[in-house]
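Novice: Quick one, structure for this:
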Amino acid sequence: MSLKQQREILENEVKMFNARKSLAAAAIIIIAAFILNLFLPDDPAKFGPLCCIPALLMILYIFITKRIIEALTIGAVVGFIMCSSPGDNVMWTFSDSLLNTMMSEDIAWLIIVCGLMGGIIALIEKSGGAIAFGNWASKRAKTEKTALIWAWILGIIIFIDDYLNSMTVGSCMAGLTDKHKTPREMLAYVCDSTAAPVCVLIPITTWSVFCGKILISNGWQEGDAGVIEMFVKTIPYNFYAWIAAIMVPLVALGIIPKIFGMKKAYQRVADGGPLAPPGSERITILAADKGEEATDVENPRMINFFIPLAVLVVATIFFDKEMEMGVLSALLVMFVIYMAQNIMSAMDFWDIIIKGIQNMILPLMLMVMAFVFADMNEQIGFTKWCIESATTVMTPATAPMIIFLVLACTEFITGTNWGMYIIALPIIIPLAMNIGVCMPLAVGACISAGVFGSHICFYSDATVLTSAACGCDNFRHAFTQMPYGIIAAICSFIMYAIMGFVMA
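Specialist: Numbering: from 1, shown residues only. Down below sits the predicted model:
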C-alpha cells in the first residue's frame, strides 16, 4: 500500500467521523462532571477512589476512538471540574495549567532539544548522511534479524539519554529495516525497549543523575557516597530494565515469537500492506514518509552521518550530560562541515532546521497535553492516593512487589516517568526506612515501574518520540509493544516478590 493509499484511508476516516456524535458525547461527559462535582468533598484529598475517574475516562476514550490528544484534553477538563469550587471558571483553570506547563523549564527544554533534534535529523537526511549510513549498514545487515540486532546494538552504544537514543536509532535505522520489509512497529519496539532500560542500567546517563539527586535529597545516602554511587546500588534491582533489554534481541531473532498486534503487523506487510500503519505520516519526522524528495547529493559521505552523532554524544557527556548543549554543539559542527563541502547554502541550512522543527510539532503537542493531564492528576491527588492506599497493606516482604505494581499502573496512566519519580520517591524512601525494606530493592522497584509505564503508555514522551523517529503511529506502537512489556512486567513482579521475601 502506497503513501497515497494511506492518505486515502485517512481521508475516508475523516469523512466517516461524525462530528455531531462526538460533540454530543463530549457535552454529556462535561455535564456529568459538573453534576458529580456537586456531590464531591471540597478537598480533593478526600476524593478517595473517585480521583481515578479522569484517568479511567481517558483510557476508555483512547481505546474507543484512538484519538489521544482529545482524550487527554477531555480527561484533564473533567479532572479540573471535579476539583473546582462553585463559581470557579474551569476554562481559566485549564488555561492556567496549560500556560504554566508551557512556561515550565521541562517543557522549554523539550521544545528546544526535541525540536532541534528534528532539525538535526532533517539535516542528516538532506546531506546524504542517512543514505551513506544505509548503504554501509546494508552490507553488514543482510537480513531482517541482523538489521534489528544492529538497531539494538546502536541503542546500547548511544546510552547517554533515552531521547537521544530513540530519535537517533529510529531515524537512522528506518531506511535499513524498510529494505527488509520490517513493520515500523517492530523497529519502534526495538528502539523504545532499548532506550530507557539501557539508561537505567548504566550509571553515567541523564537518568542516573536525575534519580540519584532525588535519592540523596530525600534522605538516602550511605556515608559520603555521591549521586552516581547511590544510583549504582539500585542497578541490580532494576528488574524490568534488565528483562526488557534482554527480550529485545530474543524477539528480533524470533526466539520469542511475534504475538497479538505485532503478529498482525507482520501479516499486514506480508499481505502487501504498508510498512507503517495508516496514520503514521501525521507523527513521523522522516522525510521519505512525508513524500518529500530524496536528497540530490551525488556522493553521500559517511562523515555527514557519524560526525554529527559523535559530536552530539561527546558534547552531551562533556557538558555534564546536558543534552541541550550536545544538540547545539552538533548543529554548530554540522554548519561548518556542510558549508565546507558546499552541500547546501546557509539559507538552506536554516530552512531545513525549521522544517525539522515543524515535523516535531505533533509529538510536542502530545507531550504538552500529557503534562497538563499529569498536572490535573497531581491537583486531584491521583498518584498520592494510589501510593498511600497501597502502603496500608505493605510489609517488608510484600513492599517491593506492591511498589512496582502500583507505580507501574499509575505511570501507565500519567505517562510521566520522571514526574512520577518526583512524587513517589519522597514517599517510598521514608516508608521503606520505617518498615525495614531493603532500600535498593524498593527504589529499584520504583525506577522499574517508571520505565514500564512509559513504555506502554500511549502518550508518554518515550512512546511519542520513538514513534516520530521510527515513522510509526504512536497508538499502534504502544499497542504492539504492550504484550512484550506486560511479559517483562510479570517476570519483574515475580522477581520483586521473590526478592522481597528473601531479603525481608
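Novice: what's the domain layout of this structure?
Specialist: Per automatic domain parsing, the domain ranges recorded for the chain read 3-100, 104-140+286-359.
Novice: Check which residues of the helix or strand where Val251 lies are buried.
Specialist: In the assignment (DSSP states H and E), Val251 maps to helix 239-252. Residues 239-245, 247-249, 251-252 are the ones in helix 239-252 that count as buried (16 or more other Cβ atoms under 10 Å). (Each C-beta comes from the backbone N, C-alpha and C, glycine too.)
Novice: could you give me the average pLDDT of it?
Specialist: Over the span of helix 239-252, the pLDDT mean works out to 93.
Novice: contacts for that helix?
Specialist: Outside helix 239-252, the residues that touch it by Cβ atoms under 8 Å, 6 or more residues apart in numbering are 145, 148-149, 152, 186, 189-190, 193-194, 196-198, 200-201, 256, 258, 404, 444-445, 447-449, 451-452, 455, 484-485, 487-489, 491-492, 495-496.
Novice: Which of these fall within helices?
Specialist: The helices, defined by DSSP state H, take in 145, 148-149, 152, 186, 189-190, 193-194, 196-198, 404, 444-445, 447-449, 451-452, 455, 484-485, 487-489, 491-492, 495-496 from those.
Novice: For PyMOL, what selects the buried ones among the residues you listed?
Specialist: Of the ones in helices among the contacts of helix 239-252, the buried ones go into a single PyMOL selection, burial set by 16+ other Cβ under 10 Å:
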select buried, resi 148+149+152+186+189+190+193+194+196+197+198+404+444+445+447+448+449+451+452+455+484+485+487+488+489+491+492+495+496
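Novice: Enumerate the helices of the stretch 51-200 of the chain by residue range, in sequence order.
Specialist: 53-65, 68-82, 90-103, 105-127, 129-138, 144-157, 162-179, 184-199 (DSSP state H, counting those that start in this stretch).
Novice: Out of those helices, which one sits most buried?
Specialist: helix 184-199 (a mean of 29; mean count of other Cβ atoms under 10 Å).
Novice: Can you name the next helix or strand after that one?
Specialist: helix 206-217.
Novice: What's the first helix or strand after that next one?
Specialist: Next along the chain after helix 206-217, taking DSSP H and E as the criterion, comes helix 227-232.
Novice: which residues touch that next one?
Specialist: By Cβ under 8 Å, 6+ apart, helix 227-232 touches 203-204, 208-209, 211-213, 215-216, 220-222.
Novice: if you set the cut-off to 6 Å instead, what comes out?
Specialist: Outside of helix 227-232, the residues within contact range by Cβ atoms under 6 Å, 6 or more residues apart in numbering are 203, 208, 211-213, 215-216.
Novice: Likewise for stretch 371-386?
Specialist: 44-45, 51, 72, 75-76, 79-80, 83, 97-98, 101, 406, 410, 414, 416, 419, 423.
Novice: Export it to CSV, keeping only CA atoms.
Specialist: Extracted in CSV, the C-alpha atoms of stretch 371-386 (Å, rounded to 0.1, in the frame of the first residue of the first chain):
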residue,chain,number,x,y,z
PHE,A,371,2.0,17.3,31.1
VAL,A,372,-1.4,19.2,31.5
PHE,A,373,-3.1,15.9,32.3
ALA,A,374,-0.3,15.0,34.8
ASP,A,375,-0.8,18.4,36.4
MET,A,376,-4.5,17.7,36.8
ASN,A,377,-3.7,14.3,38.3
GLU,A,378,-1.4,16.0,40.8
GLN,A,379,-4.1,18.5,41.8
ILE,A,380,-6.7,15.8,42.2
GLY,A,381,-4.2,13.7,44.2
PHE,A,382,-4.3,10.6,42.0
THR,A,383,-0.7,9.3,42.4
LYS,A,384,-0.6,10.2,46.1
TRP,A,385,-3.8,8.3,46.8
CYS,A,386,-2.6,5.2,44.9
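Novice: avg pLDDT for that stretch?
Specialist: 81.
Novice: just stretch 486-500 next, same as before
Specialist: 93.
Novice: The stretch 251-400 of the chain: helices as residue ranges?
Specialist: Using DSSP H, counting those that start in this stretch, helices in the stretch 251-400 of the chain cover 260-270, 303-318, 323-340, 346-359, 361-380, 382-391, 399-414.
Novice: and the angle for the longest one with helix 382-391?
Specialist: Interaxial angle of helix 361-380 relative to helix 382-391 (axes from the mean of the first three to the mean of the last three Cα atoms, to 10 degrees): 50 degrees.
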